[in-house]
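[1] I'll drop the sequence and a predicted model, then ask my questions.
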Amino acid sequence: MNEPGLALPRTHLPRGEDFLLWSPCLQSYGYRIVDRLFATRTIERGVARPLSRGRELQLNYRHDGEARTVEDFMDRNSVAGLLVARNGEVLLERYGLGLSPGERWSTMSTVKSMTGLLVGAAVRGGAIGSIDDPIVRYLPQLAGSGYARATVRHLMTMSSGVGWSEVYADKNSDVNRYSKSLADKVPGGVLQMLREVPALHEPGTHWHYNTGDTFLLGCVLCAATGRTLADFMAETVWKPCGMEDEAYYTLESEGGQEIAGSRAGMSLRDLGRFAMLVAADGVLDGAQVLPAGWVESASRRAFSIPAEFHPSRLSLGVTGYGYGWWLTDDGAMLALGHSGQRIYVHREERLVVVNLAVYPEPRYVSGAEHDRDAELNSFLTACRAA
């Protein structure tokens, strides 16, 4: 028996409540161990479906007047995982920062785009009658709150009209208070937070990026289907697609509600499989995995993005927002997550690019910091031309 108070070895883990405020070193470590910091629920896989592979893409790109290589791109942008595929074939798969095949990396908000596609499956199955249903039909506890008049569509398009603050550098913002509630594993804590957020605009009239909206969308899916979100994702996407690795959702508390809008854990290859499914309009090996026409619906512009929202979004050419997807004028759909998590899908060209990275938090940005998303856009341009 160990003597009480004895100096025994212990592993130090970064504080979960500071998840959106970590230094770059903590980011590159913490993004691969999210399941050790928060409560989680497994998304079970079925029989793995082998990836089809073509000849490796020999790619150079130009940025700021210089010719650069894939290796330059990974080093300059602190890339942990990079996958390029066209026509369902992987053409490039690279790992950095110690990430290995099969390891899960934090999806950040790219999972919001996945949640938007799950709604289509719930509508197809009849669990959700219409995306114009008021959310209080499924979550009556929101009656009398700022969300009382919002619909499922409003949650998917970030137009609920509530006054949520999504300021990552402000520890007292709604998104950081939400993060602390998750780290503290408070049962019902996020829902209580959202009940208290005031209404500022008529629902459907004003676009405002809001992680809370997608949290509620996950709650609606669970209430409507009578399933956990992890089980619904496994049944709808993970098993039919033959994902290679188990994934996980983080939870608001032990055994509690999944977080539908951030910090799930998935491997690079399986994110690539998901992106290829979207690029093929939800069809896999001739089978309609996602509801027919739903990807097309998700890609329709519901709102234009205000230029002042986030300069990096403009660097990627993003100008609009659909059902949880960011949209460009040239037909691309993007799932965008905090600090460099990017999924690019161009359906017409059947091209997908998954980028997992560590972009520094604002407090750690140096004067020499370059526009990483602008460089990613140069890389994407080269992928399209290759």
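    Thanks, I have the structure now.
[2] any stretches of the stretch 101-250 of the chain with poor pLDDT?
    For the stretch 101-250 of the chain, no stretch is flagged by pLDDT under 70.
[3] tell me where it has helices.
    Using DSSP state H, counting those that start in this stretch, the helices assigned to the stretch 101-250 of the chain run over residues 110-124, 152-156, 174-184, 189-195, 211-225, 229-233.
[4] can you lay out the ones you listed as CSV showing distance to Phe73 and mean neighbour count?
    In short, each C-beta sits where N, CA and C put it, glycine included. Output for these, formatted as CSV (distance: least, CB to CB, whole Å; neighbours: other CB atoms under 10 Å):
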stretch, distance to Phe73, mean neighbour count
helix 110-124, 19, 24
helix 152-156, 32, 26
helix 174-184, 29, 20
helix 189-195, 36, 19
helix 211-225, 28, 24
helix 229-233, 31, 23
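[5] reformat those into TSV and put distance to Tyr344 next to each item.
    TSV is the format used below for these (distance: least, CB to CB, whole Å):
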stretch	distance to Tyr344
helix 110-124	11
helix 152-156	20
helix 174-184	24
helix 189-195	29
helix 211-225	20
helix 229-233	21
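[6] and those helices: which comes nearest Gly5?
    The closest of the helices of the stretch 101-250 of the chain to Gly5 is helix 174-184. By CB to CB, the value is 26.7 Å.
[7] how close does the nearest residue to Ile128 once chain neighbours are set aside get to Ala230?
    In this structure, Ile128 finds its nearest non-sequential neighbour in Ala122, 4.4 Å apart by CB to CB, 6 or more residues apart in numbering. According to CB to CB, to the nearest Å, Ala122 stands 15 Å off from Ala230.
[8] next: Thr40.
    With CB to CB as the criterion, Thr40 and Ala230 are 9 Å apart.
[9] swap in Tyr95?
    26 Å.
[10] contacts for stretch 216-233, please.
    41-44, 114-116, 118-119, 121-122, 125, 127-128, 135, 138-139, 142, 147, 152, 155-156, 160, 191, 194, 235, 247-249, 257-261 (CB atoms under 8 Å, 6 or more residues apart in numbering).
[11] do me a favour and get the end-to-end distance for that stretch?
    Chord length of stretch 216-233, first to last residue, is 16 Å (CA to CA, to the nearest Å).
[12] and for stretch 94-107?
    Stretch 94-107: ends 17 Å apart by CA to CA.
[13] in it, what's buried?
    Neighbour-count burial for stretch 94-107 flags 94-97, 99, 103-107 (criterion: 16 or more other CB atoms under 10 Å).
[14] stretch 155-164 now?
    155-162, 164.
[15] can you check stretch 129-142 too?
    Under 16+ other CB under 10 Å, the buried positions of stretch 129-142 are 131, 133-136, 138-139, 142.
[16] out of the residues you listed, who's nearest Leu327?
    Using CB to CB, these come closest to Leu327 at Ile131, 17.8 Å.
[17] my read: the closest one touches Leu155, true?
    No - look at Ile131 against Leu155 with CB atoms under 8 Å: they stay out of range, at 9.0 Å.
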